[in-house]
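> can't give you the sequence, but here's the structure:
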């Protein structure tokens, strides 16, 4: 007497297991929402000047995700433009953590070595009049362009950039060969 039933049961179980659908991979979670100050979601492209020292002019380019403000210089006839290799650039990204990024500049060590420096920066206000930025104001570097082992702690400072050109006759601070003052200033007027 043969026992066909166990083979039938085993075959049925194998067929049932192979017929089960494969496990569906989990869908990636949605990206967290962008959280920026009110008004900062709008395009911020255009010309700006510093409230405390209108000689500091910036040209803003905005692709909807990143705002790049480049220190600019005035040309004869009133045209304001960057020279491509300018020493100061503020780059802000719209992120879940805010409208944040850095100010990129060049400073010089005590021995005269040219050093690229970066300062944390964020936009705190975007309104019709302009932008309010909060940034570390200065840094210290050693002869190898590395952060100095000693020196003052970073100080965050608020800066206000107004839309448009400053009053006629305002001197220009955006010469591309001037770079940033040797104090390691973040592209803002000295003493501010």
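Yep, it's here. All figures in this text were calculated on a predicted structure; none of them were measured in a lab. Numbering: from 1, shown residues only.
> alpha carbons only for contacts and neighbour counts from here, please
Will do.
> thought residue 38 was touching residue 125?
Yes - Residue 38 is within contact range of residue 125, at 7.3 Å (criterion: CA atoms under 8 Å).
> Neighbour count: the two, which is higher?
Each of residue 38 and residue 125 has its neighbours counted (other CA atoms under 10 Å); residue 125 has more, 18 against 11.
> Skip the chain neighbours and tell me the closest residue to the more buried one.
Nearest residue to residue 125 in three dimensions, chain neighbours excluded: residue 132, at 4.9 Å (CA to CA, 6 or more residues apart in numbering).
> What mean pLDDT does the top strand by length along the chain get?
Secondary structure of the chain per DSSP state E: the longest strand is strand 114-126. Mean pLDDT, computed over strand 114-126, is 94.
> Next secondary structure after that strand?
Next along the chain after strand 114-126, taking DSSP states H and E as the criterion, comes strand 130-136.
> Which other helices and strands does that next one contact?
Secondary-structure packing of strand 130-136 (3 or more CA pairs under 8 Å, 6 or more residues apart in numbering; DSSP states H and E): strand 114-126, strand 156-163.
> Need the contact partners of the first one.
So the one you mean is strand 114-126. With CA atoms under 8 Å, 6 or more residues apart in numbering as the test, strand 114-126 has contacts from 37-40, 90, 92, 98-109, 131-139, 141, 145, 184, 186.
> just the buried members of those residues?
Neighbour-count burial (16 or more other CA atoms under 10 Å) applied to these gives 40, 90, 92, 98-109, 131-139, 141, 145, 184, 186.
> thinking again about what came up before, now the angle between strand 156-163 and the longest strand of the chain, please.
Strand 114-126 and strand 156-163 are oriented at 70 degrees to each other (axes from the mean of the first three to the mean of the last three CA atoms, to 10 degrees).
> Strand 114-126 to strand 130-136, inter-axis angle?
Calculated by the same axes, to 10 degrees, strand 114-126 forms an angle of 130 degrees with strand 130-136.
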